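Chemist: one predicted model, sequence on top.
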Amino acid sequence: MLLLVADENFNNDIVRGLLRRDPSLDIIRIQDVGLTRAPDPVVLEWAAQENRILLTHDRNTITKFAYQRVVEGKPMPGVIKVDRSVPMSVAIDDILLLAVSSDSGDWEGQIIYLPLR
């Protein structure tokens, strides 16, 4: 199962829904590790050190910095970008599908855009 971290502006209702559906899911929030208001490169570095895939709604800056890490040869365990227009139930279903059907390392250097369909 994947290790996940939700960025500061990620919808907490989705996080709660994920944990309700699968209480064993290993997901934490950036706020819970003391990185509130941290710059995106710091968040991505922390996620890489912890081997956690970042959940985000941010398409503009996170993706840019994530790809920059890949180009520089730095670890980037992956980013799951959830469009804000995606219904919450679809986001939860898609994230759970990825979390339970993937192993750590499967998404290294990649950005996954939800919805999957």
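Modeler: Yes, it's here.

Chemist: where do the helices sit along this protein?
Modeler: Per DSSP state H, the chain carries helices over the ranges 12-21, 40-50, 61-71, 88-101.

Chemist: with mean neighbour count added, can I get those in a markdown table?
Modeler: For glycine as for every other residue, the C-beta is placed from the backbone atoms N, C-alpha and C. As requested, the helices of the chain are exported to a markdown table (neighbours: other C-beta atoms under 10 Å):
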| stretch | mean neighbour count |
| --- | --- |
| helix 12-21 | 15 |
| helix 40-50 | 18 |
| helix 61-71 | 16 |
| helix 88-101 | 17 |
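
Chemist: closest to Asp32 out of those?
Modeler: helix 12-21 (10.4 Å; C-beta to C-beta).

Chemist: list the contacts of that closest one.
Modeler: Applying C-beta atoms under 8 Å, 6 or more residues apart in numbering, the contact partners of helix 12-21 are 6, 25, 27, 29, 55, 82, 88-89, 91-92, 95-96, 99.

Chemist: then stretch 70-88?
Modeler: With C-beta under 8 Å, 6+ apart, stretch 70-88 has contacts from 4, 10-11, 13-14, 17, 44-45, 47-48, 51-59, 62-63, 66, 69, 91, 94-95, 98, 104-115.

Chemist: 6 Å instead, please
Modeler: Stretch 70-88 is contacted by residues 14, 48, 51, 53-57, 59, 66, 69, 91, 107-115 when judged by C-beta atoms under 6 Å, 6 or more residues apart in numbering.

Chemist: any idea what the nearest residue to Ala47 once chain neighbours are set aside is bridged to?
Modeler: Of all residues not flanking Ala47 in the chain, Leu54 sits nearest, at 4.8 Å (C-beta to C-beta, 6 or more residues apart in numbering). Counting by DSSP bridges, Leu54 forms beta bridges with Val5, Val79.

Chemist: just the buried members of the contacts of stretch 70-88?
Modeler: Of the members of the contacts of stretch 70-88, the ones counted as buried by neighbours, 16 or more other C-beta atoms under 10 Å, are 14, 48, 53-57, 66, 69, 91, 107, 109, 111-112, 114.
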